[in-house]
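1. here is a sequence with its predicted model. Questions after.
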Amino acid sequence: MAGAIVSGATGEATPSGGAPSHRGGVHWVKHPLVEHHVTRMRRETTRPSEFRSLVRRLAALMAYEATQDLLTQPLQVTTPLCETDGVQIKGRIGIVPILRAGLGMVDPVLDLLPMAEVWHLGLYRDEATAQPVSYYDKLPAKRPVDVAMILDPMLATGGSAAAALMTLREWGVPQVKVLSLIAAQQGVDAVASQFPEAQIYVCQIDPELNSHKFIVPGLGDAGDRIFNTIEPHE
Ligand SMILES: O=P(O)(O)OC[C@H]1O[C@H](OP(=O)(O)OP(=O)(O)O)[C@H](O)[C@@H]1O
Ligand SMILES: O=c1cc[nH]c(=O)[nH]1
Ligand SMILES: [Mg+2]
């Protein structure tokens, strides 16, 4: 996808002039469709059904970008007319959604990678400290995948993404990609410096976190907007 922005481990974006780097770093996906759908997703009046559709669309656009460096191997197939040479994706790929909000990105990514496995990680942010709390881990004890793709629409302080990356590092995954729709600059910088080997894909980098560690302007609580669990104001 032409026009991707790639940055180094500090997260400071610079134009890439083409395909994302294969050596880690931050990849800011710049595309008119991405910007259009991010804008609609941010809007307070966007209802959960439309919000879910927007998350799916953006996840697919981002997954297209994030899969550019997947390896392939030759595959010969027979068309109705003759034999021809083709390719198939090589290696074992794991999709790792961070519960809950990451679930909203699973189906579009699985549509593009139907051979992938899905390994769930349950993490929520403690409301008082904003620290990630682990409550579920469905990684098998052995045989890590070749490439893991962490899915979470939001990367705020970066604590949840870092916890997931640490889990995958301990599991022994050689290549990890983080796909987040909206990130805060501070969180991107923190994750990129702690995990320089990880490739971080984002649709938008916002400038700030508020006193509750929410991304500003952001879009509010992604999990609540996907699953329609927003509590009415008192
Ligand atoms: O970068 P961080 O500061 O860690 O914040 C980002 C995390 O916060 C949200 O999850 P949340 O705790 O709201 O859980 P939920 O998906 O179950 O709503 C989001 O989906 C990320 O996992
Ligand atoms: O802005 C934020 C920060 C963390 N989690 C969210 O869902 N939104
Ligand atoms: Mg939430």
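-> Structure received. As the structure is a computational prediction, the values presented were derived from the model and not from experiment. Ligands and ions are numbered 1, 2, ... in the order given.
2. these two touch, right, Leu70 and Ile89?
-> Yes: look at Leu70 against Ile89 with Cβ atoms under 8 Å: they come within range, at 5.5 Å. The way it works is simple: take the backbone N, C-alpha and C, and place the C-beta from them, glycine included.
3. looking at those two, which is more packed in?
-> Ile89 (18 against 15; other Cβ atoms under 10 Å).
4. per-residue pLDDT of the closest residue to Ala198 other than its chain neighbours, please?
-> The shortest distance from Ala198 to any non-neighbouring residue, by Cβ to Cβ, 6 or more residues apart in numbering, is to Val176 (5.0 Å). You'll see Val176 listed with a pLDDT of 97.
5. likewise for the one 10 residues further on?
-> pLDDT, Gln186: 97.
6. can I assume it sits in a helix?
-> Yes: according to DSSP: H, G, I helix; E, B strand; the rest coil, Gln186 belongs to a helix.
7. correct me, but it touches Leu209?
-> Yes: Gln186 is in contact with Leu209 according to Cβ under 8 Å; the separation is 6.0 Å.
8. need the residues touching each of the two.
-> Residues touching both Gln186 and Leu209 (Cβ atoms under 8 Å, 6 or more residues apart in numbering): Thr157.
9. does the helix or strand hosting Arg52 come close to ligand 2?
-> Arg52 belongs to helix 48-66 when assigned by DSSP states H and E. No: shown here: helix 48-66 not in contact with ligand 2 (Cβ under 6 Å from any ligand atom), separated by at least 11.5 Å.
10. what's that helix packed up against?
-> helix 32-42, helix 106-112, strand 147-151, strand 175-184, strand 199-206, helix 222-227 (3 or more Cβ pairs under 8 Å, 6 or more residues apart in numbering; DSSP states H and E).
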